[in-house]
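>>> Got a predicted structure plus its sequence, pasted below:
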Amino acid sequence: MFENLSDKLQSVFSGLSNRGKLSEADVDAALREVRLALLEADVNFRVVKDFVKRVRERAVGVEVMKSLTPAQQVVKIVNEELIATLGEPARLDLSGPSPHVIMLVGLQGSGKTTHAAKLALSLRKSGQRPLMVAADTRRPAAITQLEVLGRQIDVPVHSEGDKVAPPKICANAVKRARESAYSVVLLDTAGRLHIDDKLMHELEQVKAKTNPQEVLLVVDAMTGQDAVRVADEFNQRVGVTGLILTKVDGDARGGAAISVRSVTGVPIKYLGVGEKTDALEVFHPDRLASRILGMGDVLTAIEKAQSVMDQDQALKMGQKLVKGEFDLEDFRDQLQQLKQMGPVSQLLDMIPGMSKLTAGVSPDVTDKQMKVIEAIINSMTPGERRNPRIINGSRKRRIARGSGTSVMEVNELLSQFRQMQRMMKQLTGGGKRGRGGMRGLMGMLGGME
């Protein structure tokens, strides 16, 4: 979502790094570009003005002007001020006696029902016993949708049809949760326009009857600055305690994420990063700031890996790498686990420096190429996967037919895999050609057309 903003900011900082010491004029020129980049990214103009002012006050000070690495100091200041603008990290309030009631509100079509399921799955994985409540009686399909999602993630759904008033449904659900020892109740309320006084009053009744500890507003990041206005108006009516910003994986300009905390005072608690029920991330301001500035987000990448990687298998894989026994079968298994972590383009952006190496690689090409590589490997026999050296011309033709590819693509995969094997040996043997190895890996994922 922040690709354009990230590219422009990195360009500004790259220009600064080419200079020795920075003058006040250099800082002002760079900050003009930063201001334009933020405004083009749809960041609220008041937030931009305040942000640039704070950065300038620090950037023209002694800590930068007398520094041996002034450009790095400026980047450090921008990073710190960006984190301050995004706000402190906020966690769900699950203190006190259960059940803990979480109320999801938002506009029509913002994704409340889907994100109720995402949040329920996240809570279940953390040891909670969630109960989802189908309180959206104005859109009949919403009840069915939540029940289907509940079966998919193995979380029960409380439903009373579309004839009972939502405040009563929610009150009954909380009573059921208390009697059946559910620890969290997730209320999926109907989407409404924030100018619809009747429906907003219904939300106030639901809140009065259930006394939720959290009122989470689900906001579509692609609505831009309107998301900030929506958050402000919902907050005034029902007292929003946090936001779930959805479609963060899309091509929106992303200014709402940067603006919303400063303008409304409401913290972002979660980011929706995809369509699957596990595509929900806890919001970490420092990690998002690092992604925007092109510094990567290694911690999130590690957490994603830990959630899908089998520890015993990872240990065996590490031993194979050290011994130089990593084969195509192992590579296919790693690709399958990698796919469970989300789109490859998102993962590569989390690795420091990879955004520059992948600048010419389309995200669609990267994900498509993973499927092509997997198809080629699956068309091989177990013996061929373990020992690619035995693959001769006739075998290559058979593999190409079986995978729907060409002999040239099979040749390219085998050639790049041999390069990757050599890279692995260099890395495990203390070699210093890691950057070249990264280029080799990108060749595997994006080099085959």
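Nice, I can see it. In this text the structure is predicted, and so the values were computed from the model without any measurement.

>>> can you count the residues close to residue 140?
Neighbour count for residue 140, taken as other Cβ atoms under 10 Å: 11. Heads up, the C-betas are built off the backbone N, CA and C, glycines and all.

>>> For it, which non-adjacent residue is closest in space?
residue 162 (5.4 Å; Cβ to Cβ, 6 or more residues apart in numbering).

>>> how much space between that neighbour and residue 152?
22 Å (Cβ to Cβ, to the nearest Å).

>>> same check, this time on residue 37
40 Å.

>>> Show me which of those two is the more surrounded one.
A direct count of neighbours by other Cβ under 10 Å for residue 37 and residue 152 places residue 37 higher, at 20 against 11.

>>> which ones are touching residue 27?
Going by Cβ atoms under 8 Å, 6 or more residues apart in numbering, residue 27 touches 56, 59, 60, 64, 74.

>>> In PDB, list the C-alpha atoms belonging to the one helix or strand residue 52 maps to.
Counting by DSSP states H and E, the element that carries residue 52 is helix 45-59. In PDB, the C-alpha atoms belonging to helix 45-59 read as follows (Å, rounded to 0.1, in the frame of the first residue of the first chain):
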ATOM      1  CA  PHE A  45      -2.400  18.200   5.400                       C
ATOM      2  CA  ARG A  46      -2.400  19.300   9.100                       C
ATOM      3  CA  VAL A  47      -0.600  16.000  10.000                       C
ATOM      4  CA  VAL A  48       1.900  16.700   7.200                       C
ATOM      5  CA  LYS A  49       2.500  20.200   8.400                       C
ATOM      6  CA  ASP A  50       3.100  19.200  12.000                       C
ATOM      7  CA  PHE A  51       5.200  16.200  11.000                       C
ATOM      8  CA  VAL A  52       7.500  18.300   8.700                       C
ATOM      9  CA  LYS A  53       7.800  21.000  11.400                       C
ATOM     10  CA  ARG A  54       9.000  18.500  14.100                       C
ATOM     11  CA  VAL A  55      11.500  16.900  11.700                       C
ATOM     12  CA  ARG A  56      12.900  20.200  10.700                       C
ATOM     13  CA  GLU A  57      13.400  21.400  14.200                       C
ATOM     14  CA  ARG A  58      15.500  18.300  15.000                       C
ATOM     15  CA  ALA A  59      17.200  18.000  11.600                       C
END
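
>>> circling back to that earlier point, pull out the buried residues from the contacts of residue 27.
Buried by 16 or more other Cβ atoms under 10 Å: 56, 59, 60, 64, 74, out of the contacts of residue 27.

>>> which non-adjacent residue is nearest the second one?
It stands for residue 59. With sequence-adjacent residues excluded and distances taken as Cβ to Cβ, 6+ apart, residue 59 is closest to residue 27, at 4.8 Å.

>>> Report the inter-axis angle for the helix or strand hosting that neighbour versus helix 45-59.
Residue 27 belongs to helix 24-40 when assigned by DSSP H and E. Per axes from the mean of the first three to the mean of the last three Cα atoms, to 10 degrees, the angle that helix 24-40 makes with helix 45-59 is 160 degrees.

>>> What are the buried residues along helix 24-40?
26, 27, 30, 31, 33, 34, 35, 37, 38, 39.

>>> My assumption is that residue 187 lies in a strand; please confirm.
Yes - counting by DSSP: H, G, I helix; E, B strand; the rest coil, one finds residue 187 located in a strand.

>>> Now do the contacts for it.
Residue 187 neighbours (Cβ under 8 Å, 6+ apart): 101, 102, 103, 104, 133, 135, 170, 173, 206, 210, 212.

>>> Name the nearest residue to residue 154, sequence neighbours excluded.
Among residues not flanking residue 154 along the chain, residue 124 sits closest, at 7.5 Å (Cβ to Cβ, 6+ apart).
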